[in-house]
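**Q** fold the stuff below for me.
(one chain, ligands or ions: 1)
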Amino acid sequence: MPDAPVIVADVPGSFAHGVLAARHPALIRAVREAFPYGPAQLRALDALLTAATEGVIAPLGTEDDERWAAWGARDQVGRSWFEAPFLWSESYFYRVLLEAVGYFGPGAWQGVDPFRPFKLAELDSPETDEELAALDRLPEQPLDEQARALLHGSLWGNRADLGFRLSATGSPTAAGRLVADDGEAFWSLLPADTLCLVADNAGRELIPDLLLTDHLLHHGRVRRAVLQVKTHPYYISDATTADVVDAVRRLVGAQGAAAGAGERLWTAMTEGRLQIRAHPFSCAPLPYAEMPDELRAEFAAADLTIFKGDLNYRRLVGDRLYPPTTPFAEVTAYFPGPVAALRTLKSDVIVGLDASMEAALDAAEGRRWRTSGAHALIQVRA
Ligand SMILES: O=P(O)(O)OC[C@@]1(O)O[C@H](CO)[C@@H](O)[C@@H]1O
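**A** Next up is the predicted model:
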């Protein structure tokens, strides 16, 4: 279904419109309050607030315009943010926000992540303490159950109660809320040599992603792992290399089993069995079907690639309004190797549902099930 309509944010009341009209202004205000920025940054943030809600897409006025031109900027400049493809305008918003706060420099604010206070607050939260403490109970379960619990912990990520998942045998509640569950197909792809994990959020999502990765490495289910992160702060909490370091240090500094996992991850990084990669395309406003050849080759070298989270799902399958029963294998046929999506449903895009599941969700919730984050999926194309 490659001709399904691309999602655009021009319909008031739609999820996409709400992101541009309400979520982005709220984010600008939160960033403004999180740092004692100087007048230049504050003026630029105010200008972005006005432009992004009432104005049109404009060039950055930096060297990066060339890169964005290659990513389609010529078609979008001059258009209302609401009329460009949702994925494009949303991604560009983050790039302009980084420009506004001086992230790319030159100057004193160069390299200062405007989302870092939010990421650190999550990492330091009592919920994270509880989730890490729950790891101590994991060895009471058979190894297969441990692996399943860690997979579900990673799936439910930062909105989930990892503590429950780690202590509940078989994670019945989580499994009950899956709208598609290719869990068996996932495990059938292991053991394998190389796992690639395309990370999503830092903090309370990255921690369970790392714990899953550690488990797979430690128990020989994969020989090496590659963690693909963003080259720069993006979509508020998306993980960068600095966030991986913060998360591993958080684990190392914890008690009990969490510290053990942290130390193994640290060693795996120093030995090259766990590699961090940050490709510029990680922050592109485009679907992965349009990835450059060298990134395609990296994915082709993996035996299994996991795409985490909602944004990565949008980019993996394409940010389009597909009929929900469109096969996952059909829209990921371009991908150069076995691929899995672990995602809670937080935007309109969905494929791979049974007709009966779609009908039941529509009947119970209208369209809300697509965006509420209350449902999740595991989808695999071997
Ligand atoms: O990728 P994530 O962290 O799971 O979710 C990102 C998200 O919150 O942001 C986008 C809307 O701004 C949607 O893709 C989704 O709702």
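**Q** what about the residue nearest to residue 197 when sequence neighbours are not counted, neighbour count?
**A** What sits nearest to residue 197 in space, not counting adjacent residues and going by CB to CB, 6 or more residues apart in numbering, is residue 306, at 4.8 Å. For glycine as for every other residue, the C-beta is placed from the backbone atoms N, C-alpha and C. Using other CB atoms under 10 Å, the number of residues around residue 306 comes to 27.
**Q** within range of the ligand, give me the residues from the stretch 251-382 of the chain.
**A** 309, 310, 311, 314, 346, 347 (CB under 6 Å from any ligand atom).
**Q** dump those to TSV, plus neighbour count.
**A** Listed next are those as TSV, based on neighbours: other CB atoms under 10 Å:
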residue	neighbour count
309	25
310	20
311	21
314	23
346	20
347	21
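**Q** looking at the residues you listed, which are in helices?
**A** Of these, the ones assigned to helices by DSSP state H are 309, 310, 311, 314.
**Q** any chance of those residues in a markdown table, plus distance to residue 248?
**A** Compiled in a markdown table, these are given as follows (distance: CB to CB, whole Å):
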| residue | distance to residue 248 |
| --- | --- |
| 309 | 19 |
| 310 | 24 |
| 311 | 23 |
| 314 | 28 |
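**Q** could you look up the SS state of residue 307?
**A** Reducing the assignment at residue 307 to three states with DSSP: H, G, I helix; E, B strand; the rest coil gives strand.
**Q** that one against residue 341, yeah?
**A** Yes: the pair formed by residue 307 and residue 341 meets the contact definition of CB atoms under 8 Å, at 4.9 Å.
**Q** what residues are shared contacts of the two?
**A** Residues touching both residue 307 and residue 341 (CB atoms under 8 Å, 6 or more residues apart in numbering) are 313, 316.
**Q** can you tell me the SS state at residue 103?
**A** coil.
**Q** tell me the spacing between it and residue 15.
**A** 27 Å (CB to CB, to the nearest Å).
**Q** now residue 188
**A** Residue 188 is 34 Å from residue 15, by CB to CB.
**Q** what about residue 126, neighbour count?
**A** Burial of residue 126 is recorded as 7 neighbouring residues (other CB under 10 Å).
**Q** residue 195 should be in a helix, yeah?
**A** No: applying three-state DSSP, one finds residue 195 to be strand, outside a helix.
**Q** ends of stretch 250-264, how far apart?
**A** End-to-end distance for stretch 250-264, by CA to CA, to the nearest Å: 13 Å.
**Q** cool, stretch 50-65 as well?
**A** 21 Å.
**Q** residue boundaries of the strands in this protein?
**A** Taking DSSP state E as the test, the strands found in the chain are 178-181, 192-198, 222-228, 274-277, 304-308, 339-344, 376-381.
**Q** reformat these as CSV; add mean pLDDT.
**A** Output for those, formatted as CSV (pLDDT from 0 to 100):
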stretch, mean pLDDT
strand 178-181, 97
strand 192-198, 98
strand 222-228, 98
strand 274-277, 98
strand 304-308, 97
strand 339-344, 96
strand 376-381, 97
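**Q** can you list those strands in a markdown table and add distance to residue 152?
**A** Formatted as a markdown table, those follow (distance: least, CB to CB, whole Å):
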| stretch | distance to residue 152 |
| --- | --- |
| strand 178-181 | 9 |
| strand 192-198 | 15 |
| strand 222-228 | 18 |
| strand 274-277 | 21 |
| strand 304-308 | 13 |
| strand 339-344 | 9 |
| strand 376-381 | 9 |
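**Q** how about residue 370, what does it touch?
**A** 15, 345, 347, 348, 349, 350.
**Q** okay but the first one is in contact with residue 349, surely?
**A** Right, the one you point to is residue 15. No: contact criterion CB under 8 Å: residue 15 and residue 349 do not qualify, at 10.0 Å.
**Q** who has more neighbours, the two?
**A** Between residue 15 and residue 349, counted using other CB under 10 Å, residue 349 has the larger neighbour count: 26 against 18.
**Q** leaving out sequence neighbours, find the closest residue to that one.
**A** Distances taken as CB to CB, 6+ apart place residue 314 nearest to residue 349, at 5.1 Å, with adjacent residues excluded.
**Q** isn't that neighbour right next to residue 87, touching?
**A** Yes: between residue 314 and residue 87 a contact is recorded at 6.1 Å, counting by CB under 8 Å.
**Q** intersection of neighbour lists for the two?
**A** Here residue 314 and residue 87 share the contacting residues residue 287, scored by CB under 8 Å, 6+ apart.
**Q** quick check: bridge partners of the residue nearest to residue 197?
**A** residue 197, residue 340 (DSSP bridges).
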